[in-house]
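Participant: Okay, sequence plus prediction incoming.
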Amino acid sequence: QVQLVESGGGLVQSGGSLRLSCAATGFTFSDYWMYWVRQVPGKGLEWVSTINTDVSNTYYAGSVEGRFTISKNNAKNTLYLQMNSVKPEDTTLYYCARELQGVADWAYDYWGQGTQVTVSS
């Protein structure tokens, strides 16, 4: 079955860096766009970043553009999020998510259990 397991979260000082990983199993990783999303208290999931199947295109929310970098290694079935210049407002649970295929809009059908990022000021 599809499994997504995030890791790499932790406590980091404002301005610091953190690298999140997401290990994917149970599906052909290279066939799917992948996402990073994060929990917004009281608002649900907030989109952070997207990467396409062959890593030729990446997309970012305005709040993280220029600070975060999404990447994936199809040979290792792993998705990454390099977080630089982190801010206290980046504090939350981060999830990787798999593309829901066959729909016009960006959507996800599976996500992991999340990894907590806490940024101290």
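Facilitator: Now that the structure is in, tell me what you want to look at. Residues are numbered from 1 along each chain as shown.
Participant: number of nearby residues for I51?
Facilitator: As a burial measure, I51 scores 23 neighbours (other C-beta atoms under 10 Å). Yep, even glycine has a C-beta here, placed from its N, CA and C like the rest.
Participant: Then the one 5 residues further on?
Facilitator: As a burial measure, the neighbour count of S56 was computed by other C-beta under 10 Å and equals 7.
Participant: and the residue positioned nearest the centre of the chain, what is it in contact with?
Facilitator: For the chain, the residue sitting closest to the mean C-alpha position, by C-alpha atoms, centre = their mean, is W36 at 2.2 Å. Listed by C-beta atoms under 8 Å, 6 or more residues apart in numbering, the contact partners of W36 are 20, 22, 48-50, 68, 70, 79, 81, 94-97.
Participant: Look at the closest residue to R98 other than its chain neighbours and tell me its secondary structure.
Facilitator: Nearest residue to R98, sequence neighbours excluded (C-beta to C-beta, 6 or more residues apart in numbering): Y110, at 4.5 Å. Assigned with DSSP: H, G, I helix; E, B strand; the rest coil, Y110 falls in the strand class.
Participant: list the contacts for W111?
Facilitator: L4, V37, Y95, C96, A97, R98 are the contacts of W111 under C-beta under 8 Å, 6+ apart.
Participant: Distance-wise, check it relative to R38.
Facilitator: For W111, the distance to R38 equals 11 Å [C-beta to C-beta, to the nearest Å].
Participant: Ok, T118 next?
Facilitator: Counting by C-beta to C-beta, the gap from T118 to R38 is 12 Å.
Participant: just S63 next, same as before
Facilitator: 10 Å.
Participant: more neighbours, these two?
Facilitator: Neighbours per residue (other C-beta under 10 Å) separate S63 from R38, with R38 holding more: 21 against 13.
Participant: my guess is that one contacts T91, does it?
Facilitator: No - taking C-beta atoms under 8 Å as the definition, R38 is not a contact partner of T91, at 9.4 Å.
Participant: Overlap of the contact sets of W111 and R38?
Facilitator: Y95.
Participant: circling back: out of the contacts of W111, which is most surrounded?
Facilitator: C96 (30 neighbours).
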